[in-house]
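Visitor: Give the three-dimensional model of this entry:
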Amino acid sequence: MNMHLLPLFVVLLQLEPFVSGRCSDSSATNIVMSNLGITEIDESLFEDCNPQAISIDLSGNQITHINATAFASYDRGLSQKYIPLFYQLKTLNLNDNQINSIDPNAFKYTKVLETLNMKNNQLRSLESEVFDPIGDTLVTLVLSSNQIASIGMSMFSTNLKALRNVDLSYNKMTYMEAWPYIPPSIITFNLSHNDVHEFTNRLNWTYDLQEPYHAYVDLRYNKFARWDDEWFRRYQKPNGDFVGDFVTYRLDITKNNWTCDCHMHYMASKIQDSFYRYAESELLHVECGSPPNLSGQRIMTVDLNEFNCDVINCSFGCKCTNISETKILQVDCMNGNLIMLPMKLPDIPDRTITLDVSNNSIWKIDPRPYVDQLVKLNAANNKLVFIDQETVKNMTQSKLSMNISNNNLNFLPNSIQNVQSISIYNNPFICDCNMTWMKGWLELDSIVEPDKSVTCKTTEGDVHKIIDVTESLLDCNYDTEIGLAVGFGVLLILVVIGIVWAKRCPYETKVLVFKFFRIHPSDKYKIDEEVKSYDAYISFDDENIHIRQWVTRKLKKRLEEKKQELFIPVINLQIGEEKADQIVKSMENSKRVIIILSDKYDENEWSVFECQQAEMLNPNDGRIIFIKYHPEAEDMVQKEPWKSRVKDRKVLAIGEKSSEHRWFWDKLKYELPVK
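Guide: Model prediction:
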């Protein structure tokens, strides 16, 4: 015999007992039957094997199924039933086979099994409770590199009391349940390299802070993309906040293609604003996969203003962006070839809107359902010739800013004064008696250059700064004043008109008589006979910068020109003295109390206090004058308690029209003490 062939011959002799499927050494406790072409596990496979065996290696064979009696023998004696073949079997290696199914009772007869390896097989699903028979002993379960796409809901139940390590990596799972937190002792749960893209809770599991959750859950290299807060809100009790608990789950979600957009904003903002950002957590290493400008950045360090979403159902010619940090819907229609404002914008709850329609051909600003949500409107560089009065009045956001520069506007509606910040330069304004209100408006500190220097042109071609335009400059005359100045030739007509006017408008007639002839009818008030330090106490919402400037610059100037002594709290209150006491004393020492009603007047606690004190003054007849500053005040006085407060008192309105505006000052002077 060729001596070189002897070692191979010896090896073949050694392998021969395993090829036949029988143990050659009946005393071995570690049975090795790997790579022998075995296709089925049954009792005959383990003939002559040591029943005291503690491990069996069946890897690298062609096994396709594990049946219920694979590790049992039939007792033909008295019991007449199946009994375990191996009472001390702790490790079973079935790696690298072709197993595609497991009988529900397959491990019923492996009573003390601790480690089960089934890596690289063809399993497509796991049925519930298949491992329950070894729940008291199974510590390690390896099922990686199969084709598992679904797992029975109760697969990982509380019955698996000893289970500590689960490896399901390199499978085809698309969802993640709360499995790692059900068995009481799991330490590692590996679901990496799958197709998981969402968390589900069909188990109806609820987070319990008192339970210890030690599991490290590996979800790296999956198909996660867009975050959803509802994933983990489903784990919480009502009114809970998932973010604080999320850190304790120890989920490693790195190495996924996360989209850092508005959907991730809430979670990122909570973590960034808590002590968890300083903890040793896998969350600290989660990176953005998109958008491109954030790729590779950690979500814990990304500026929260960057967590935005493009809104797909935006208006034609526009791009809509949902900015979660500032709760703004940003609408960019610049250069959108528009001839009108967008008819509709996406309705996103709890959002204000910034709208940029600059560089288009829009010719008017007219009603739209979203104008009350606008905090910014940029309509510069268009073809505007008209702005609807009511549309501007319906722009109710207190911090609204507007840019209507570089357009074709000849006039502005009076309601534009309610806009907090505005640019109006480079418009062909016409000098007209109906726009003289703009002088006082442009004098406010909130108006800055170049808007303070805007000009208008008269019909004769003269150019003036609007801030210098007055009624006298334009030679504006009231209709009634023209009538009184007409010659004796029309005296009879004027008398008739005067009689009709006096009957229809008795109050306005008294005002005109006082204005032109300084004759005050004998209907003034008892309080005017008393000696007081002030002619009027002015009550208003001093937190509104527009009203504050109107009072301190315009109202004060007009009334002091008529020698009226005023008490204005923001000017006259003394530092160091009790504010409430000063208000009461000053009000009692004033002949009139002027209450300027605005949209937020009854939200200012000091304004409410002043109004209540005014009602308690004695004598009170004719002493309180209400001024409706904002259009919203008209609705206020129609409802209680304001309806009762203004009853039988003088209520004046600044007025949206020029004629109303002029009547306002005349009526106010008529109601004040005669000087």
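Visitor: just how off-centre is stretch 148-159 within its chain?
Guide: Mean C-alpha position of stretch 148-159 versus that of the full chain (Cα atoms, centre = their mean, to the nearest Å) differs by 37 Å.
Visitor: avg pLDDT for that stretch?
Guide: Computed over stretch 148-159, the mean pLDDT rounds to 92.
Visitor: same thing with stretch 50-58?
Guide: For stretch 50-58, the mean per-residue pLDDT is 94.
Visitor: Please identify the buried residues of it?
Guide: When neighbours are counted by 16 or more other Cβ atoms under 10 Å, the buried residues of stretch 50-58 are found to be 50, 53, 55-58. Where you see a C-beta, it was placed from the backbone N, CA and C, and this is true even at glycine.
Visitor: In this structure Val139 contacts Glu114, no?
Guide: Yes. With contact defined as Cβ atoms under 8 Å, Val139 counts as touching Glu114 (4.7 Å).
Visitor: if you skip the residues just before and after it, what's nearest to Asn335?
Guide: Residue nearest to Asn335 in three dimensions, not counting chain neighbours: Asn359, with 4.9 Å by Cβ to Cβ, 6 or more residues apart in numbering.
Visitor: I'd say the one you found and Met334 touch.
Guide: Yes. Look at Asn359 against Met334 with Cβ under 8 Å: they come within range, at 5.4 Å.
Visitor: re earlier: which neighbours do Val139 and Glu114 share?
Guide: Contact with both Val139 and Glu114 is made by residues Ala162, according to Cβ atoms under 8 Å, 6 or more residues apart in numbering.
Visitor: can you give me the helices in the stretch 101-250 of the chain?
Guide: If DSSP state H, counting those that start in this stretch is used as the criterion, the helices of the stretch 101-250 of the chain fall at 230-233, 242-246.
Visitor: want to try a markdown table for those helices, with mean pLDDT, distance to Asp475 and mean neighbour count as columns?
Guide: Putting those into a markdown table (pLDDT from 0 to 100; distance: least, Cβ to Cβ, whole Å; neighbours: other Cβ atoms under 10 Å) gives the following:
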| stretch | mean pLDDT | distance to Asp475 | mean neighbour count |
| --- | --- | --- | --- |
| helix 230-233 | 86 | 69 | 16 |
| helix 242-246 | 71 | 69 | 18 |
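Visitor: Redo those helices as CSV? Include distance to Trp205.
Guide: Supplementary listing: the helices of the stretch 101-250 of the chain in CSV, determined by distance: least, Cβ to Cβ, whole Å:
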stretch, distance to Trp205
helix 230-233, 11
helix 242-246, 12
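Visitor: now for the ones you listed, which one comes closest to Asn434?
Guide: Among the helices of the stretch 101-250 of the chain, the nearest to Asn434 by Cβ to Cβ is helix 230-233 (56.2 Å).
Visitor: Give me the contact list for the closest one.
Guide: Surrounding helix 230-233, the residues in contact under the criterion Cβ under 8 Å, 6+ apart are 198-199, 240, 242, 245-246.
Visitor: Now for the residues you listed: which two are most distant?
Guide: Distances among those were taken as Cβ to Cβ; the most separated pair is Glu198 and Gly240, at 20.1 Å.
Visitor: Give me the domain ranges for the chain.
Guide: Dividing the chain into domains by the TED database, as the record does, gives the ranges 26-172, 307-427, 480-509, 524-671.
Visitor: Using TSV, lay out those domains together with distance to Ile271.
Guide: Compiled in TSV, these are given as follows (distance: least, Cβ to Cβ, whole Å):
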stretch	distance to Ile271
domain 26-172	27
domain 307-427	12
domain 480-509	65
domain 524-671	35
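Visitor: worst average pLDDT in those?
Guide: When the mean pLDDT of each of the domains of the chain is compared, domain 480-509 ends up at the bottom with a mean of 52.
Visitor: quick one: average pLDDT of stretch 249-264?
Guide: Across stretch 249-264, the average pLDDT comes to 91.
Visitor: May I have the distance across it, first residue to last?
Guide: Distance across stretch 249-264, first residue to last, is 18 Å (Cα to Cα, to the nearest Å).
Visitor: for it, the distance to its chain's centre please.
Guide: For stretch 249-264, the distance between its averaged C-alpha position and the chain's averaged C-alpha position is 20 Å (Cα atoms, centre = their mean).
Visitor: now swap in stretch 461-480 and tell me
Guide: 49 Å.
Visitor: Run through who's touching it.
Guide: Under the criterion Cβ under 8 Å, 6+ apart, residues 429, 431-433, 435-436, 438-439, 442-443, 452-458, 501, 512, 662 lie in contact with stretch 461-480.
Visitor: Show the backbone phi and psi for Gly317.
Guide: phi 80, psi 0 (degrees, to the nearest 10).
Visitor: circling back: nearest to His546, of the helices of the stretch 101-250 of the chain?
Guide: Across these, His546 has its closest neighbour in helix 242-246 (40.5 Å, Cβ to Cβ).
Visitor: So which elements touch the closest one?
Guide: Applying 3 or more Cβ pairs under 8 Å, 6 or more residues apart in numbering; DSSP states H and E, one finds that helix 242-246 makes contact with helix 230-233, helix 262-272.
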